[in-house]
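Undergrad: Give me a model of this one.
(chains A, B and C)
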Amino acid sequence: MPMQTREKNQLMTYEEIERTLQRLAHEIVEKTNGAGKVALIGIRRRGVPLARRIARMIEASSGVKLPIGILDITLYRDDLSLVADHPIVQSTDINFPVDDKILILVDDVLYTGRTVRAALNGLFDHGRPRAIQLCVLIDRGHRELPIEATYAGRKVQTTDLEIIEVRLSEIDHEERVMLIERVP
Amino acid sequence: MTLRFRHLLALEPLLREDIAFLLDQSKPFQEIQRNPLKKLATLRGKTVALLFFESSTRTRISFSTAAARLGADTMNLQAEASSVKKGESLLDTVRTLDAMKPDVIVMRHSASGAPQFVAERLKIPVINAGDGVHEHPTQGLLDALTIRDRIGHLDGLNVTIIGDIQHSRVARSDIYALARFGCRITLCGPAMWLPRECEQMAPGIRLVPRIEEALRDAQVLIVLRVQTERLLEPGLPLDEYIRLYQMTPGRLAQAQPGALLLHPGPMIRGLEIDPAVADGPQSCILEQVTNGVAVRMALLYLMAGGTPGSGGPGTD
Amino acid sequence: MLLIKNGRVIDPSTGGDSTSDILLHDGRIARVSPGIDAKDAEVFDAAGLIVAPGFIDLHCHLREPGDEPAETIETGTRAAARGGFTAVCPMPNTKPVNDNASVTRSIVERAASAASVRVWPIGAASLGSKGESLAEISAMKDAGIVAVTDDGRPIATAKILRHVMEYCRALGLPVIEHCEDPSLFAGAVMREGATSVRLGLSGMPAATESICVSRDIQICALTGCRLHIAHLSTTKSLELVREAKHAGLPVTCEVTPHHFTLTDEDVHYDTRFKMNPPLGSREDREAMLVGLADGAVDAIATDHAPHTRATKEVEFDRAAFGVTGFETALALALEALVHTGRAPLGRVVELFTSGPARVLGIRSSLAEKEPADITIFSTEHRWTFRAEESASRSRNTPFDGRTFRGAPMATIVGGRIVWRRS
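TA: Numbers count the residues shown, from 1 in each chain, chains lettered A, B, ... in the order given. Just a heads-up that it's a prediction; the model follows:
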């Protein structure tokens, strides 16, 4: 049975997303002393364009060109035994050594923390980074694991019935963040 | 797209898009094998039954490596060790398996169609790891993946398969996998192992007993293993086979420059293949082994997802 | 007394085909005429049905003695009755082989107490059907055999075949041959062709059969003994039989329902489609249909070969050869020959009655004073064959679940209704 949903309201416009990413880029440079050892890891799917944008912004402002990796967390999920049809696995593409790097995981929404947990496992299979930090556009609460964002664009109070949809031009051909409500 | 079938018994019924999907899905698993740490927990708690009624070292190790790297447990049932030798029927084995409830069955058997027999009677997904002289679908997939990786695509390649075509399950699966991409396939071997009905397996298949003619314009050469017991039966002297069909540097040079050389293994150096060719730069033999694990990881991952009874669309 | 009223009576021995009544009395046919009135007689209303001489099956396996889990004389003949057969000829490959008079007698005695229809055993041609020395053919003849064969295989050598045929000519017995060249057959599980190559199953070429047919016809010419080719299945074999008949040799042949309805393309590792001889090509099936229609084929025989689940529900390579066939034979023949317009109804009746009778050198007729063995069937009755409802002990049929037009309706042996469709 298809789930009924309804758009409740718009949380962020295109301009607000851009401004927030700029702020996050600044914070990253600040907190990592110039981002010298930093590499960004975009979590598929919407973490990937966000990581690319942040890298461009950092390059424009401080001239540092950060390596970018792409991580598919499908194989690291902890709920596959409950899923009848296993989801398709996409490529993970981290073509630089992670040892001794400060890796910053980039994703669109932080919710239960399980995606990040899976991503951490995935990263450890690639080596031993010096540190791993987390950067998200939206933190919507409801954590089920002790995981917090190092950099959060905006914190939003939500209920279990609500969904946050980040729509990015690279994937969705429009650019805004929507609060969607499940209609019971 | 998703997996359209519940069992992988043969490549024959698969469409081009099915095979392309499986090759694409193998890619992430190729990458994992390049990681320093290759072990995942993806299939933790799942059990893969390895049901080998015919001795096989390579395929069994490849499947158990694939299962181990995905974190699955394996259950080994080998013909020599199990009760098969004591006269237990395949039907009894099926009932035993049903009671043990593995999540996937990987099966090798000397009788063509035996995996289908099991698949028809169980709700557990079955992967054919080679049945009689019928098919060896994972070998067909790993060969296609190896060729695609080296050349960049599979479309319209000239592929020559050399050896005992009639008794080769590898040849059948390779033919079905590659013909779906419009490969022009030439089958070459002693005439009594080259039944003319092979032409009907896919469009554009040529039967060429003379190796010089079969090698011309070939971009990919698949050299089959010679089963010495087959040589005895129709009485083809070994030296005749070597003289007429051994893949030598001289013969390799008659194919297109840089033509790929594949062999499903285990190979007998000095019989069907000259060691200089087997170890040369055109040989893909070691990539085949690595890709075998990747393809099998992808299949185990995709097929272990089906919970019994969930079915799903597609052909069985 | 039994009075069959208003049936369409077809008797191939006279060519008769008209609506008539038949009165049966004391196990024999008392009168054949329209408008018979017999006060004390039980009446069978056959209006809209065909009344024919009793069907004879030249080739079946009742598995008794020795393999009773697969079939017995009792269950096999009940299945035969449901197929409209009033007499069946069980092959000698029982355990022990029916190669001596005591086995023959035990079969005849068992049949007398347990069988629904007449059982006419066929004896082994050689001891143990091993093809080494002659069986006690004369003693078996006195005990009741109607022919000899080493069925399951051909008589091993041309030399033994020659001896058997010379001996049987003097005894007036036909020799039935299961034709196949053993070296081409060895290891094969189906007909060689595109399907066997695709499935990776070991195939035997069509020549496996015709090479042996050719040998047998030459020995027939040498000895003058009657030769009957069992379950003929290839185009070339039928051509050889046609030539032999044309040359005036006493050669006959039978074809099974599965060989004129199925082909090797139907084999999908399903052991219910595994039999010997194996299913042939489309061309072969067409040749069989042509031969059945034009008279080159003498009889339809079922080769009813029951097997237990344990010997059939295994890998295709390991499965026993054979399919059951009594209950579907007539319906398949009507479907393939009559409803398609390939052959008149009278011809199909002949293939089940006077055709096989001629092979055995006996009469099949609805004339007065003849034994009251009668098959009543419908060409229109619609029904679905379900293996689980079969009277046979075995279920190895490729026709399970098939819906038919036309069916046996009643089987009368010696004036008694032994089976009637309910």
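Undergrad: Give the bridge partners for the most centrally placed residue in chain A, please.
TA: Residue closest to the mean C-alpha point of chain A, counted by C-alpha atoms, centre = their mean, is A:Asp107 at 0.3 Å. As for beta bridges, A:Asp107 partners with A:Val136 under DSSP bridges.
Undergrad: Go ahead and confirm it touches A:Arg44.
TA: No - the criterion here is C-beta atoms under 8 Å, and A:Asp107 misses it with A:Arg44 at 9.3 Å. To be clear about C-beta, it is placed using only N, CA and C from the backbone, and glycine gets the same treatment.
Undergrad: Give me the neighbour count for the residue of the stretch 301-422 of chain C found nearest chain A.
TA: Residue nearest to chain A within the stretch 301-422 of chain C: C:Glu313 (30.4 Å; C-beta to the nearest C-beta). For C:Glu313, the count of nearby residues is 19 (other C-beta atoms under 10 Å in any protein chain shown).
Undergrad: Also C:Val255?
TA: When neighbours are counted by other C-beta under 10 Å, C:Val255 registers 28.
Undergrad: Next one: it relative to C:Glu335, how far apart?
TA: C:Val255 is 15 Å from C:Glu335, where distance means C-beta to C-beta, to the nearest Å.
Undergrad: Can you classify C:Ala356 as helix, strand or coil?
TA: Residue C:356: Pro, not Ala. helix (DSSP: H, G, I helix; E, B strand; the rest coil).
Undergrad: Looking at the chain, which helix is longest?
TA: Unless you meant another one, I'm taking chain A. helix A:14-31 (DSSP state H).
Undergrad: wait, I meant chain B there
TA: helix B:285-303.
Undergrad: Please point out which parts of it sit buried.
TA: Buried residues in helix B:285-303, defined by neighbour count with 16 or more other C-beta atoms under 10 Å in any protein chain shown: B:285, B:287-303.
Undergrad: Poorly predicted segments of the stretch 251-400 of chain C, please.
TA: Confidence mapping of the stretch 251-400 of chain C against pLDDT under 70 gives zero matching residues.
Undergrad: swap in the stretch 151-300 of chain B?
TA: Per-residue confidence for the stretch 151-300 of chain B (pLDDT under 70) gives these ranges: B:229-235.
Undergrad: And the helices in it?
TA: For the stretch 151-300 of chain B, the helices defined by DSSP state H, counting those that start in this stretch cover B:169-179, B:211-215, B:228-232, B:238-245, B:249-252, B:275-278, B:285-303.
Undergrad: Nearest to chain A: which residue in chain B?
TA: Closest point on chain B to chain A, by C-beta to the nearest C-beta, is B:Gly305, at 3.1 Å.
Undergrad: what about the nearest residue to that residue once chain neighbours are set aside, which helix or strand?
TA: Distances taken as C-beta to C-beta, 6 or more residues apart in numbering or on different chains put A:His86 closest to B:Gly305, at 3.1 Å, once the chain neighbours are dropped. Under the criterion of DSSP states H and E, A:His86 resides outside all helices and strands.
Undergrad: check contacts around A:His86.
TA: Going by C-beta atoms under 8 Å, 6 or more residues apart in numbering or on different chains, A:His86 touches A:Leu80, B:Tyr301, B:Leu302, B:Ala304, B:Gly305.
Undergrad: thought the third one was touching B:Gln25?
TA: Yes - in this structure, B:Leu302 is within contact of B:Gln25 by C-beta under 8 Å, at 6.4 Å.
Undergrad: hang on, A:Gly47 packs against A:Asp108?
TA: Yes - counting by C-beta under 8 Å, A:Asp108 is a contact partner of A:Gly47 at 6.2 Å.
Undergrad: which of those two has more neighbours?
TA: Under the neighbour definition other C-beta under 10 Å, A:Gly47 and A:Asp108 were set side by side, and A:Gly47 has more, 26 against 22.
Undergrad: how about the more buried one, phi and psi?
TA: phi -70, psi -20 (degrees, to the nearest 10).
Undergrad: any idea what sits nearest it, other than its immediate chain neighbours?
TA: Per C-beta to C-beta, 6+ apart, closest to A:Gly47 is A:Asp107, 4.1 Å.
Undergrad: Centre of the chain to stretch C:249-257, how far?
TA: 11 Å (C-alpha atoms, centre = their mean, to the nearest Å).
Undergrad: Break down chain C into its helices, ranges please.
TA: So, for chain C - with DSSP H - the helices run C:73-82, C:101-114, C:137-143, C:158-171, C:182-185, C:194-199, C:207-223, C:235-246, C:257-261, C:282-294, C:309-312, C:329-333, C:345-352, C:354-360.
Undergrad: Same list (those helices) but as TSV, adding mean neighbour count and distance to chain B.
TA: Shown next, in TSV, are the helices of chain C (neighbours: other C-beta atoms under 10 Å in any protein chain shown; distance: least, C-beta to the nearest C-beta, whole Å):
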stretch	mean neighbour count	distance to chain B
helix C:73-82	26	23
helix C:101-114	18	30
helix C:137-143	19	36
helix C:158-171	18	25
helix C:182-185	14	12
helix C:194-199	22	4
helix C:207-223	21	15
helix C:235-246	19	17
helix C:257-261	24	20
helix C:282-294	19	14
helix C:309-312	16	7
helix C:329-333	26	26
helix C:345-352	23	33
helix C:354-360	23	36
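Undergrad: What residue in chain A comes nearest to chain B?
TA: Counting by C-beta to the nearest C-beta, chain A gets nearest chain B through A:His86, at 3.1 Å.
Undergrad: okay, that residue: pLDDT?
TA: We note a pLDDT of 83 for A:His86 in this prediction.
Undergrad: Can you give me every residue that contacts the closest residue to chain A within chain C?
TA: Nearest residue of chain C to chain A (C-beta to the nearest C-beta) works out as C:His268 at 27.4 Å. Applying C-beta under 8 Å, 6+ apart to C:His268 gives the contacts C:Leu199.
Undergrad: can you rerun that using 10 Å?
TA: C:His268 makes contacts with B:Gly113, B:Gln116, C:Thr195, C:Leu199, C:Phe316, as judged by C-beta atoms under 10 Å, 6 or more residues apart in numbering or on different chains.
Undergrad: From those residues, pick the one nearest A:Thr74.
TA: Checking the contacts of C:His268 against A:Thr74 by C-beta to C-beta gives B:Gln116 as the nearest, at 30.6 Å.
Undergrad: pretty sure that closest one is touching B:Leu9, no?
TA: Yes - with contacts counted by C-beta atoms under 10 Å, B:Gln116 reaches B:Leu9, the gap being 5.3 Å.
Undergrad: which neighbours do the two share?
TA: B:Met107, B:Val126, B:Asn128, B:Asp131, B:His134, B:Asp316, C:Tyr269.
Undergrad: Just give me the neighbour total for whichever residue of the stretch 1-150 of chain C sits closest to chain B.
TA: Residue nearest to chain B within the stretch 1-150 of chain C: C:Pro69 (15.1 Å; C-beta to the nearest C-beta). Using other C-beta under 10 Å, C:Pro69 has 14 neighbouring residues.
Undergrad: how about the nearest residue to the residue nearest the centre of chain B, chain neighbours excluded?
TA: With distances taken as C-alpha atoms, centre = their mean, B:Gln139 lies nearest the centre of chain B, 1.7 Å away. Excluding its sequence neighbours, the residue lying closest to B:Gln139 (C-beta to C-beta, 6+ apart) is B:Val170, at 5.1 Å.
Undergrad: I'd like to know how far the one you found sits from B:Glu272.
TA: For B:Val170, the distance to B:Glu272 - C-beta to C-beta - is 12 Å.
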